[in-house]
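A.B. asks: sharing a model prediction with you, sequence too.
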Amino acid sequence: TPFYDGVFCEAEVVGAFFDAADPRTTFNSIGVQAQVFVIVNDERFYYPDLMRGMIVDGERGMDMAMYTGSTTGTSRNNEICSAYSPITWQVDRKCHLVSASTFDKMCADMKAQRDDMSDDLYAHGSRELVDDALAANNHAN
């Protein structure tokens, strides 16, 4: 999908990165929030709207690691970096349960978006773990 279209979705933000006089940078303009889930067949763990961002409720979204990184994907590794970095990451340290129907609903919501998200409706590979020598040393919390 046009992931970078989602990262740089406003023309004035895109323009700022090509203007050396503009004080905006990727790390203060772009952020990623991440959570890890175990998908279960139990409606007690239903959450109706993953399209609006991470779940912050009870223990979910409370124990966060924050650091700078870059965009991800299998085309990035320890030799080929993302052109769009650094980006601020906020990652929930805990793994949470979520119902299978939550992901059914998220996929339906993705199909209903104006932008074509059809290439995001299947599992993707993950990036090679970044070598410690290349990783940021600015973890917060």
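C.D. replies: Arrived safely, thanks for sending.
A.B. asks: please, where are all the helices along the protein?
C.D. replies: 3-7, 11-16, 26-29, 100-111 (DSSP state H).
A.B. asks: and the ones you listed, which one is worst for confidence?
C.D. replies: For the helices of the chain, mean pLDDT drops lowest on helix 3-7, to a mean of 52.
A.B. asks: report the central residue of the chain.
C.D. replies: residue 32 (4.1 Å; C-alpha atoms, centre = their mean).
A.B. asks: quick check: that one touching residue 90?
C.D. replies: Yes: shown here, residue 32 and residue 90 form a contact pair, counting by C-beta atoms under 8 Å, at 7.2 Å. For glycine as for every other residue, the C-beta is placed from the backbone atoms N, C-alpha and C.
A.B. asks: which residues are in contact with stretch 30-48?
C.D. replies: 7-8, 53-55, 60-61, 69, 84, 87-92, 94-103, 105 (C-beta atoms under 8 Å, 6 or more residues apart in numbering).
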